[in-house]
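[1] Output the structure for:
(one chain, ligands or ions: 3)
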Amino acid sequence: MKLYNDNPTLDKKMLPEDKQGDVFFKEQLQAQQQDGQKRFYIESYGCQMNFSDSEIVASILQEAGYASTKYMDAADLILVNTCSIREKAEDTVRKRLRIFDKLKKERPGLLVGVLGCMAERLKAKLLDEEKLVDLVLGPDAYRDLPNLIATAEDGDKGINVFLSREETYADISPVRLSDSGVTAFVTIMRGCDNMCSFCVVPFTRGRERSRDPYSILAECQDLFDRGFREVTLLGQNVDSYHWEHPEGLEQVDFADLLEKTALIHPDLRIRFSTSHPKDITDKVLINMGKYENICEYIHFPVQSGSSRILKKMNRTYDREWYMNKIDRIYELLPNCAVSSDVIAGFCTETEEDHQDTLSIIEHSQYSMSYMFFYSERPGTLAARKYEDDVPLEVKKRRLQEIIRLQNQISFAHNKKDIGKTFKVLIEKVSKRSEDDFAGRNSQNKMIVFPRENTEIGQYVYVKVTDCTQATLRGHLVPAPAEA
Ligand code: SAH
Ligand code: SF4
Ligand code: F3S
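    Ligands and ions are numbered 1, 2, ... in the order given. This is a model prediction of the structure:
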């Protein structure tokens with residue numbers, strides 16, 4: 001599972017960072033390529049939603065007659081799907097744009113386009129002041145890509161950053177980025193209405209809207225029929241998924257959607273991300289317990305452990321409320337793993353607030369966390385109303401303390417798994433050894449084991465014998481009698 005690009009806690013071997021800047025490429029698209037056919041090259045940054053959007057973009061470009069390439073030198077069109085979540089994410093993209101700009105100078109006619117979350121924020125700057133790009137498209141404008149390419153080919157700049165209230169790309173069948181053909185992302189909603197005061201997403205991705213459940217189910221069924229064995233339902237806030245039949249005949253909430261997806265086939269695993277703590281219901285937790293193929297793992301970002309800071313962040317829950325929710329999760333799903341996002345050094349954060357964050361991490365016993373220091377984003381409520389007053393060294397020191405604690409908890413969490421047997425979906429060959437496979441258990445932990453006579457895409461049982469902070473190690477065992 002690949003997420004954000006500046007997670008300092010993660011082992012680069014298996015974690016989000018190595019996917020940042022990933023190039024979308026499909027062998028079969030290249031194989032079909034004919035002479036003279038135009039080629040696109042796309043890099044993706046940011047969260048899973050962006051990676052999933054790149055698959056939609058690839059599908060739109062394929063329809064328009066483009067083939068994909070993994071070599072930017074061979075491309076007629078270079079696209080970069082961008083992230084604005086923290087300053088560092090934007091800096092990374094800017095560096096890439098300078099490299100593409102050099103290529104443009106060497107190869108007149110080459111088009112460069114910016115997609116995604118930086119598009120809305122920086123449209124004028126990118127096109128006019130920095131003159132680095134020919135195309136700028138926001139996350140709701142991808143259908144317009146072929147038109148805008150034509151405009152840019154005529155020498156005009158192509159721009160569409162219109163944010164829609166309806167667009168869900170429900171009818172577009174994404175071209176899959178996944179190398180393995182085992183796991184896939186399925187976007188179930190777009191945008192976010194939460195307005196957490198630190199966050200740029202509501203501005204870059206617009207209003208929240210839920211996709212028609214039947215198009216979601218059709219996509220998941222199709223993936224299963226093509227051999228995929230795991231889908232991750234994606235949205236900024238999946239628990240507020242809500243769909244109503246246009247004639248009022250049916251309403252579907254997130255718990256219903258989970259159940260319907262689980263019923264496609266017992267061998268199709270379901271994951272989801274992200275859950276805003278305020279929206280998760282007992283109905284969701286109960287459905288998770290009811291179906292073995294809904295994975296027992298919840299990404300449940302706390303952000304801070306201090307009620308005063310949470311209020312300033314506009315998270316709408318306080319410390320006690322969050323801790324009660326965590327207790328409820330473990331009460332209804334004793335084997336569930338919970339992970340989190342944590343921000344160190346938000347505006348006005350004191351040492352006492354920081355201690356509250358450390359203690360809520362301890363209370364929550366997260367299997368892992370994505371941890372960041374606060375980065376002020378222009379236009380957000382925090383940028384307009386609060387002073388970014390925690391010095392950088394203090395933010396960094398607090399972040400290090402958070403990371404140290406989480407690492408200890410992750411290690412202890414993994415040690416508790418030694419001696420246990422888990423059902424594992426095999427995803428890939430281990431990066432460290434050709435003789436080993438790697439796959440995840442229901443709790444989203446990566447387990448490495450000698451491959452013997454097994455295959456990618458198969459479910460196996462693995463007994464854990466050893467662990468590091470990030471990975472479990474084990475060996476194959478026969479299926480337990482009750483499985
Ligand atoms: N929708 C998801 C998170 C999306 S952004 C949710 O609400 O949980 C992913 C994470 O980036 C956030 O959870 C937060 O921890 C972090 N983040 C967002 N804005 C940030 C900022 N301005 N500075 C530092 N971290 C930030
Ligand atoms: Fe950002 Fe909050 Fe929406 Fe998550 S829920 S995307 S943190 S505004
Ligand atoms: Fe980044 Fe946009 Fe995702 S800002 S984290 S790519 S929603």
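
[2] where do the helices sit along this protein?
    27-31, 48-63, 87-106, 117-124, 145-153, 201-205, 213-225, 254-262, 282-290, 307-313, 319-332, 351-364, 381-385, 392-415 (DSSP state H).

[3] buried sites along stretch 386-404?
    Neighbour-count burial for stretch 386-404, counted by 16 or more other CB atoms under 10 Å, picks out 386, 388, 390, 394-395, 398-399, 402-403. No exception for glycine: its C-beta is placed from N, CA and C like everyone else's.

[4] List, one by one, the residues from the chain near ligand 1.
    For the chain, the residues in contact with ligand 1 (CB under 6 Å from any ligand atom) are 85-86, 198-199, 201, 236-237, 274, 276, 301, 303, 341, 343, 372, 374-375, 377.

[5] hmm, which helix or strand of the protein has the shakiest average pLDDT?
    Lowest on mean pLDDT, DSSP states H and E among the helices and strands of the chain sits helix 27-31, with a mean of 50.

[6] follow-up on the earlier one: what's the closest of the helices of the chain to residue 80?
    Taking CB to CB, helix 87-106 is the member of the helices of the chain nearest to residue 80, at 5.8 Å.

[7] can you pull the contacts of the closest residue in space to residue 465 that isn't next to it in sequence?
    Of all residues not flanking residue 465 in the chain, residue 474 sits nearest, at 5.1 Å (CB to CB, 6 or more residues apart in numbering). Contacts were defined as CB atoms under 8 Å, 6 or more residues apart in numbering; by that measure residue 474 touches 422, 447-449, 462-466.

[8] Tell me which of these fall in strands.
    422, 447-449, 462-466 (DSSP state E).

[9] Put the buried members of those into a ChimeraX selection.
    To isolate the buried ones among the ones in strands among the contacts of residue 474 in ChimeraX, judged by 16+ other CB under 10 Å, type:
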select :422,447,448,449,462,464
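
[10] For the ones in strands among the contacts of residue 474, name the two members farthest from one another.
    Of all pairs in these, the most separated under CB to CB is 422 and 466 at 13.8 Å.

[11] tally of neighbours for the residue of the stretch 251-400 of the chain found nearest ligand 2?
    Nearest residue of the stretch 251-400 of the chain to ligand 2, counting by CB to the nearest ligand atom: residue 276, 5.0 Å away. Counted with other CB atoms under 10 Å, residues neighbouring residue 276 total 20.

[12] isn't it right up against residue 237?
    Yes - using CB atoms under 8 Å, residue 276 is in contact with residue 237, at 4.5 Å.

[13] can you list residues touching both of those two?
    With CB under 8 Å, 6+ apart, residue 276 and residue 237 have common neighbours residue 194.

[14] Distance check, residue 121 against residue 89.
    Distance, residue 121 to residue 89, by CB to CB, to the nearest Å: 11 Å.

[15] whoops, residue 435 was the one
    37 Å.

[16] between the two, who's got more neighbours?
    residue 89 (22 against 11).

[17] Contact partners for the closest residue to residue 386 other than its chain neighbours?
    Leaving aside its sequence neighbours, residue 386 sits nearest to residue 347 (CB to CB, 6+ apart; 3.8 Å). Listed by CB under 8 Å, 6+ apart, the contact partners of residue 347 are 312, 374, 382, 386-390.

[18] swap the cut-off to 7 Å and go again
    By CB atoms under 7 Å, 6 or more residues apart in numbering, residue 347 lies in contact with 312, 382, 386-389.

[19] quick revisit: any chance of the buried residues of stretch 386-404 in CSV with pLDDT and distance to residue 229 as columns?
    CSV is the format used below for the buried residues of stretch 386-404 (pLDDT from 0 to 100; distance: CB to CB, whole Å):
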residue, pLDDT, distance to residue 229
386, 98, 46
388, 98, 45
390, 98, 45
394, 98, 46
395, 98, 41
398, 98, 40
399, 98, 36
402, 98, 35
403, 98, 33
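
[20] ok, those vs residue 413, which is closest?
    residue 403 (15.0 Å).

[21] Do I have it right that that closest one meets residue 369?
    No - in this structure residue 403 lies outside contact range of residue 369 using CB atoms under 7 Å: 8.4 Å.

[22] Now intersect the residues of the chain next to ligand 1 with the strands, please.
    341, 343, 372.

[23] Those, buried ones only, as a PyMOL selection?
    In PyMOL, this line selects whichever of these come out buried by 16+ other CB under 10 Å:
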select buried, resi 341+343+372
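
[24] ok so, going back, just the buried ones among the residues of the chain next to ligand 1, please.
    By 16+ other CB under 10 Å, the residues of the chain next to ligand 1 give 85-86, 198-199, 201, 236-237, 274, 276, 301, 303, 341, 343, 372, 374-375, 377 as buried.

[25] could you list every residue that touches residue 167?
    140, 190.

[26] Give me the phi and psi for it.
    Backbone geometry at residue 167, expressed as degrees, to the nearest 10, gives phi -60, psi 120.

[27] picking that back up, return the backbone torsion pair for the residue nearest to residue 386.
    Torsion angles, degrees, to the nearest 10, at residue 347: phi -50, psi 130.

[28] ok, residue 275 touching residue 298?
    Yes - Residue 275 is within contact range of residue 298, at 5.7 Å (criterion: CB under 7 Å).

[29] can you tell me which of the residues of the chain next to ligand 1 are up against ligand 3?
    85, 201.

[30] Compute the distance between residue 200 and residue 283, please.
    Residue 200 is 31 Å from residue 283, by CB to CB.

[31] So between these two, which is more surrounded?
    residue 200 (25 against 14).

[32] ok, that one - contacts?
    84-85, 377, 379-380.

[33] Please produce CSV containing these, extended by pLDDT and distance to residue 361.
    CSV is the format used below for these (pLDDT from 0 to 100; distance: CB to CB, whole Å):
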residue, pLDDT, distance to residue 361
84, 94, 27
85, 95, 21
377, 96, 24
379, 93, 30
380, 96, 25
